[in-house]
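K.L.:
Provide a 3D model corresponding to the input given below.
(2 chains)
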Amino acid sequence: MPSYTQPQTFETGQVVGRAQLDILRDNDEFWHGMAYRWQPVLNTMSSDPLAGQTTLTAWSGYIWIASDAQRFWYEYTAQGGSASITTYLTLYQGDGTTAVGSGNIKQAAVGTGAAVTYNAGTTGVDLASTLGTTISAGLYCLKLRCAKDTNDDTMTLRFTYPPHMSYTGSLTYTSPPTVTDGNVSSAGHFNAWRNNDVYFATNSPRQPAFAGNDVDAKVATTTIFDGYRLHFGSRLYYSVAFKQNIAGEKLKIIYDYGGTGEQTLLETGTTGTHTSYATITGTHTWGTWKRVIVQLLNGGDGTVNYLYAHPQIGDEDSTDPKTYTIMEEFSVDQYLFGSSTGSSNRLQLFSDNDRHIFKYLCTSAYVGRRDFATRSPSYTNLAGTDSGEFRLVRRYDTLYYRTAGGILEWGDDQSQSLTDYTTTDHYQTLDLAGLTGLHYGTVYKITGSELLYAAEMP
Amino acid sequence: MAQSTTGTSLVTNTAASTRKIAYRVRFDYADAGFGNESSWTDESAYVKSIEGSLQATDWRKPIAAVGKSVTDDCVVTMRNPECTGSYSGLRFSATNADGSLYSYIRDGRFLGIRAIAEIGFYDGATAEYTRQVTGYVTDVTESYKQKSVRVTIKDRSSACLQSRHTSGVYQNYSASQYAGILAAALDRDPISSSTYQRFDPGLTPLKYTWLDDDLLWQEMGLLAESQLGRVYFDKDGALVFEDGAHFVRSQSTSGDDPTESQYTFTVADFAALNPQFDKQSVYNHIMVEYQPRYLAQSQVVYALSEDQLVIPPSTSKTFTCELRYPCQDMSTLVAGTGLLATTAGGVDISSSFTPTVTEYAQKCDVVIANGNTQFTAYVTKLELVGRPLLSDQPSKYEVEDETSIARHGRRTWPVNNPYVFSHRQAQQIGDFLLQRFKEPVLRVALKGVRGVPYLEAGDRVTLVDALTGINYDWFVGRITWKWNPGDNYLMDLDLMRCSDLFTYTNYFVIGTSRYGNSTGKGRVFW
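P.N.:
So this is what the prediction gives:
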């Protein structure tokens, strides 16, 4: 499996060897690839309000809270329909029913006027202080819900970016040094590269599952998937299945839905599974949340298997002065160059590449260490046992999941039954390395009667 | 490396045409320990002769043969006179209860006593010494006829050859950090003080390490091999771990600097000089096996396989659970879930139990206390949950030199070392060994050398001889020496030519070398 090797600390007086340098080099290659990984569009689709009910759970999902990622980020919008509503954003234990601490993360009354947006501000939410209790590492349930008028079926309540946790550990990124030929070497230079590798590892992104919805629509325009991603790069990979019930029905993928750069990436009336990618055009600010929806027009049966996005090589942010340069492996007996541009493994490239990796792997403008909440795939108006599915690209060894009747499927016909969650074991884990043929990079899916959470973690 | 002569006239007196030998032998009968040598007993007055040797194990390979040690031993022959005063027995006789040392040396107690032998020269009326061995008495032979005793003293490694230890899993330790763990785990005189440690940083990090009843000295050798270096106790009793770059790295203390010649030998200094290219040192095909490891998910790593584990009422038993793999992140063992126990009648009395678990990498000691005062408990379930450290299929890095094979035939050196985890590390070891051993190394046997007491195995020395055309720097591979009163203090040396071991002398040193290809530049090591 591709992996990172933690370099050891460098010391003044130490002789530098090829193995040590190539570990730094290999790590940069690893993190570069990780920065350019496929990233799922996170499912924020809300449930519709129904007349005759006094409450609505608009969104329910699970979130992994690590001991070193305790800052919570959210944003939701709400609007009363026939009467005011009271919204609640609440954290529950892994059982999904026992509230954590005292009160809610957010509680707000919203009138019938213009939609109101609530969010975590610019610094996020310290869950421990907000809820008045220590948040131990583990799986938690998150719900966005409201109390509403019985007959109100027009109110709205939905997330406007996927809720997630961010890194609060003690490590920081070190601005890498400038190394100039002719200057005396310094252990500080090497340790800056080494420490950044450790920082990158600590900020290694968890991989949430893509939660794919499945809908048999009856009305003119039905949204079968609604989600968000941070914009960067120019490609969206998709796999969607479509079946016409009657002639003229269509399936449509729209990027930056409702935004100034709204763009239809796919519109098709052709039945079958469409697996390809689309190029995102227009002007979009990198690092801003973009809404991605999939619609069925005039009815039809649609399944969103996955929506993944990532930047292409050569597709970097034009404002970024540091491009990534592939370094040559080092050779025994070669001289160690700092800034000589003619040398393809000059040490300055470690600094330049660290800057590049940091920006694309870790900064807040991009999807660095964000431990996203994941909701269940929804399946509406369908008969039978179909339940939507989780899809993941294998990137780590351990899968954390909360499912019932779950089956992990990969390859042509390979599968692995998953252990159900219980009242005491709110989640289970699976050693992916033990599954024959489930190689690193393989796209696999999880189906089951209850699909509540799935994510790979290092 | 060469011992410190700071504050002495040893260097001057070593080269002096007339020199007066000084010597001292001390024993720690009263178990005061290293560091308290001033309270040890000085037996120099009884010394008849003294000799010793200092050599790299597997010394036919060059001094820096990876993974090897340096053994240091010394044999002191002492007079064994009758005691005077209130004692009447022979002083060093372990069987005569009337001897003054009887209580210290009877019943084989002489063996294992700490001892130090020193030799040097008088500077005027002042004796100046360097230690020749710091270690333990390993053999004592008494001669009734000659009224003498022959005492063998070996370096400190002699006390840890059979030391075993069990530990947890250490992740991402440097070689020097791990060497410190091993040193502190020694049973006899564990080494935790920096006074007795000289560790190089190591060349590659150790992703996972652990001990499971492993021999500590053997593990130190494997650790050294994985870092292309060696490990040994020096003449002063310090534990030394040198990585593969040690011999090209200058040191601030000149005596410890392997890049600086410690002594120049000319024809006046020796009786014989025998150069030899040593074919036995040739290896032209290196195979290094490595085994990547990864930490798997949490799972049951031990399940009780015995039919019953029986614990009487109000008692506790310790049960050692051997794990199939090294593990970490063990879950707490909870009575009622991981541990179930019943009476013979089938009544669940798990709640009466308070298990405590002491974790090691590959075993757990579980103390199970049966708090029930009425019934014997039968443990029906004991499961330990943790994250096993699993290994992928081993891989091999292979490298060879065709020219050398054509000349010398294929000579293979297989390396199978549990501390080699990655291709990069295997490549480093393989390429390093091939470069070093693909051609014969020039060795010289110097006989009848005037003794230089501060030299150690691994020191750089210079040898100049017009007849053979030799004018090179050499590493000392072996020293044997001997002295007795009225005779010369002489040494025999085995030397290896430095340039045969390292092609270059300007490897890149952090803090000294400059980046680029100009003045002060440095080359990348393996």
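K.L.:
what's near enough to touch the closest residue to chain A within the stretch 101-250 of chain B?
P.N.:
Closest contact between the stretch 101-250 of chain B and chain A, by Cβ to the nearest Cβ, is at B:Ala245 (3.5 Å). Placement of C-beta: from N, CA and C, glycine included. By Cβ atoms under 8 Å, 6 or more residues apart in numbering or on different chains, the residues touching B:Ala245 are A:Gln14, A:Val15, A:Gly17, B:Asp200, B:Leu203, B:Leu228, B:Tyr507, B:Phe525.
K.L.:
let's see 10 Å
P.N.:
By Cβ atoms under 10 Å, 6 or more residues apart in numbering or on different chains, the residues touching B:Ala245 are A:14-17, B:200-203, B:227-229, B:432, B:502, B:507-509, B:525-526.
K.L.:
How about A:Leu131?
P.N.:
A:Phe72, A:Thr90, A:Leu91, A:Ala99, A:Val100, A:Gly101, A:Ser102, A:Gly103, A:Asn104, A:Ile105, A:Val125.
K.L.:
The nearest residue to A:Asn151 once chain neighbours are set aside: which element?
P.N.:
Closest residue in space to A:Asn151, ignoring its immediate chain neighbours: A:Ala51 at 5.0 Å, by Cβ to Cβ, 6 or more residues apart in numbering or on different chains. In the assignment (DSSP states H and E), A:Ala51 maps to no helix and no strand.
K.L.:
show me the contacts for A:Ala51.
P.N.:
A:Ala51 neighbours (Cβ under 10 Å, 6+ apart): A:Ser82, A:Asp149, A:Thr150, A:Asn151, A:Asp152, A:Asp153, A:Thr154.
K.L.:
Out of the residues you listed, which sit inside helices?
P.N.:
Among these, no residue falls in helices (DSSP state H).
K.L.:
Quick one: buried ones out of the residues you listed?
P.N.:
The neighbour-count test (16 or more other Cβ atoms under 10 Å in any protein chain shown) marks A:Asp149, A:Asp152, A:Asp153 as buried among the contacts of A:Ala51.
K.L.:
give me the subset of those residues touching chain B.
P.N.:
Among these, no residue sits close to chain B (Cβ under 10 Å from any Cβ of the partner chain).
K.L.:
Tell me the one of those nearest chain B?
P.N.:
Of the buried ones among the contacts of A:Ala51, the one sitting nearest to chain B (Cβ to the nearest Cβ) turns out to be A:Asp153, at 44.8 Å.
K.L.:
which one is the closest one nearest to, not counting chain neighbours?
P.N.:
Nearest non-adjacent residue to A:Asp153, counting by Cβ to Cβ, 6+ apart: A:Ala51, 4.4 Å away.
K.L.:
give me the number of residues near residue 444?
P.N.:
You didn't say which chain, so I picked chain A. 22 (other Cβ atoms under 10 Å in any protein chain shown).
K.L.:
You answered for a different chain; I wanted chain B.
P.N.:
Neighbour count of B:Val444, defined by other Cβ under 10 Å: 22.
K.L.:
ok, now the one 10 residues further on?
P.N.:
The burial metric for B:Tyr454, expressed as a neighbour count using other Cβ under 10 Å, is 25.
K.L.:
Now do the phi/psi pair for it.
P.N.:
phi -90, psi 0 (degrees, to the nearest 10).
K.L.:
do the same with A:Asn195
P.N.:
Torsion angles, degrees, to the nearest 10, at A:Asn195: phi -70, psi -30.
K.L.:
and it, what does it touch?
P.N.:
A:Asn195 touches A:Pro7, A:Thr9, A:Leu171, A:Thr172, A:Tyr173, A:Thr174, A:Pro176, A:Gly188, A:Asp354, counting by Cβ under 10 Å, 6+ apart.
K.L.:
A:His189 now?
P.N.:
A:His189 neighbours (Cβ under 10 Å, 6+ apart): A:10, A:176-179, A:183, A:338, A:347-348, A:350-351, B:510, B:515.
K.L.:
of those, buried ones?
P.N.:
Using 16+ other Cβ under 10 Å, the buried members of the contacts of A:His189 are A:Phe10, A:Pro176, A:Pro177, A:Val179, A:Asn183, A:Gly338, A:Leu347, A:Gln348, A:Phe350, A:Ser351, B:Ile510, B:Tyr515.
K.L.:
ok, the second one to A:Lys322 distance?
P.N.:
Here the criterion is Cβ to Cβ, to the nearest Å. By it, A:Pro176 lies 10 Å from A:Lys322.
K.L.:
Please apply the same query to the fourth one.
P.N.:
In this structure, A:Val179 and A:Lys322 are separated by 15 Å, where distance is defined by Cβ to Cβ.
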